[in-house]
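what shape does this take:
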Amino acid sequence: MSDIPELHEPASKTVAIVLAGGQGTRLFELTGRDCKPALPFARFHRIVDFTMAALARSRVDRVMVATQYRPASLSAHLREVWAPVWADGELRLRDGAKASPAGYRGTADVLRANAAELDAMGAREVLVVAADHIYSMDYRGFIEAHRASGAPLTLAAMPVPRDEAGRFGIVTEGPGHRIAGFMEKPSQPAAIFGDPQQSLASLGIYVIDWPWLRDMLADPRVLDFGEDVIPLAVQAGDAAVWRWDGYWRDVGTLDGLRESWLDFETGPPPCRRPLVPGMKVQMHTGDMPRDAFAASVNLGGLRLMSPLLGSSNPERWTTLDKSVLMPGARVSPGVRLTNVIVAPNTVIPHGLHIGDDPEEDARWFRVSGETTLVNSAMLARRGASRTPVFPLFHGGPTLPRKVQRAQ
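Numbering: from 1, shown residues only. As a prediction, this is how the structure comes out:
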């Protein structure tokens, strides 16, 4: 880890809590077997790698990852790839299903369930981060800003277009960077003062004084950060905001996942890739069969493939327009995909066009927003329903004599 800076004091008394228990329902079939943080992203990574790499580079030396929904592959990945980065077992995995019969009941309930362990770890602050966002942040500046603010809770936020702000927790900033108002996913987001086209959106990243939070969690009704902890802190004048201006994307929807993936595929990476010395490449990008295509041309989000045979026939050319092939996915000659995610290990058959007709696509595939998700099971259903069935009577094939006599 020679590329990682030396330990910096502001992070040395901070325990990071990585929230990795979400189901990711808006990713539909992609999270049928794995939780969202474990999903592949941009060739060789998993979504969780971005948060783990940021923690490693920031020298946060004690990390607790809270899992819950389908944690097996995520836990295995963390143990194999990331546990060696933290010596002496300072990367700890805590499964909500083992914490209580009901599991974690909300994001703040994670810390309540592990309060005794946080006390034993000597936490001064807790750095609460999500495992399912794409970004690269040095948390040390955030921790320093929190301590300088004097507020028990500081959240990271960035400006977003106001017409998209309803998906976030929206902050109204007051004097001295204190938070004057906060609304979780409002229907009419507040604008930034002096900038009516922008709103200040919470990134779901917090630094919180642990003794203060522990006292708040004594109330069993406090379960969630966005719904409970932050509004109570704002009401008491105990919350501050720290503005950040880097690349950050929530990949909790099919549109968000596809668009962020393409940000890394169609140009220079918009933020630092999570490459850590000693990290093994475990996944491979989806690709075309090597014996099917002679050439490939990338033009931004458009990829054109010339077939090895029959290149003079336009119907045999393959086009991927703003589409993503996940690991093991393959396309055949003559395929045309527009705004499509091809799930892992899915083979798109010859000549299939997806993304041109949303109504037709919705009969067979998962259409959400502007994105169509395709997996092997969907293609199998489509193939079975379109296979001709020959009737045995009324002009169908003639039965053998013995069968006719038996009838």
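
helices of the stretch 51-200 of the chain, start to end?
Here the stretch 51-200 of the chain has its helices, by DSSP state H, counting those that start in this stretch, at 72-77, 96-99, 107-113, 115-120, 139-149.

which stretch in those has the least confidence?
Per-stretch mean pLDDT for these is lowest at helix 96-99 (a mean of 89).

can you list contacts of it?
For helix 96-99, contacts defined as Cβ atoms under 8 Å, 6 or more residues apart in numbering pick out 21, 66-68, 103-104, 110, 113-114. Any C-beta I mention is one placed from the backbone N, CA and C, and that applies to glycine too.

mind running it again at 7 Å?
Helix 96-99 has contacts (Cβ atoms under 7 Å, 6 or more residues apart in numbering) with 21, 66-68, 103-104, 113.

farthest-separated two in those?
Between any two of the contacts of helix 96-99, the greatest separation by Cβ to Cβ is 12.2 Å, found for 67 and 113.

confirm that residue 263 sits in a helix.
Yes. Assessed with DSSP: H, G, I helix; E, B strand; the rest coil, residue 263 lies in a helix.

which one is it nearest to, not counting chain neighbours?
residue 270 (4.9 Å; Cβ to Cβ, 6 or more residues apart in numbering).

tell me the most buried of the helices of the stretch 51-200 of the chain?
Burial of the helices of the stretch 51-200 of the chain is given as mean neighbour count (mean count of other Cβ atoms under 10 Å); helix 107-113 ranks first at a mean of 24.

gap between that helix and the chain center?
21 Å (Cα atoms, centre = their mean, to the nearest Å).

mind listing residues that contact it?
17, 19, 66, 99-100, 104, 118, 126, 213, 217, 222-225, 228-229.

what do you get for stretch 195-203?
155-162, 165, 168-171, 173, 189-192, 244, 248.

of these, grab the buried ones for PyMOL.
Isolation of the buried members of these (16 or more other Cβ atoms under 10 Å) is achieved in PyMOL through the command below:
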select buried, resi 155+156+157+158+159+160+162+165+168+169+170+171+173+189+190+191+192+244+248
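
quick one: the strands in the stretch 251-400 of the chain?
Along the stretch 251-400 of the chain, counting by DSSP state E, counting those that start in this stretch, strands occupy 293-299, 302-307, 318-321, 324-325, 330-331, 336-338, 340-342, 347-348, 353-354, 366-368, 371-374.

should've said the stretch 101-250 of the chain
All strands of the stretch 101-250 of the chain, identified by DSSP E, counting those that start in this stretch, fall at 125-130, 133-135, 153-161, 169-173, 179-184, 198-209, 239-243, 248-250.

could I get those as a markdown table with mean pLDDT and distance to residue 304?
Shown next, in a markdown table, are those (pLDDT from 0 to 100; distance: least, Cβ to Cβ, whole Å):
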| stretch | mean pLDDT | distance to residue 304 |
| --- | --- | --- |
| strand 125-130 | 98 | 37 |
| strand 133-135 | 98 | 27 |
| strand 153-161 | 98 | 32 |
| strand 169-173 | 97 | 42 |
| strand 179-184 | 96 | 44 |
| strand 198-209 | 98 | 37 |
| strand 239-243 | 98 | 41 |
| strand 248-250 | 95 | 27 |
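
mind checking which of the ones you listed is nearest residue 42?
Once the strands of the stretch 101-250 of the chain are compared by Cβ to Cβ, strand 133-135 is nearest, at 8.3 Å.

helices or strands up against the closest one?
The contact analysis (3 or more Cβ pairs under 7 Å, 6 or more residues apart in numbering; DSSP states H and E) places strand 133-135 against helix 48-57, strand 248-250.

single out the most deeply packed of the ones you listed.
The stretch of those with the highest mean neighbour count (mean count of other Cβ under 10 Å) is helix 48-57, at a mean of 24.
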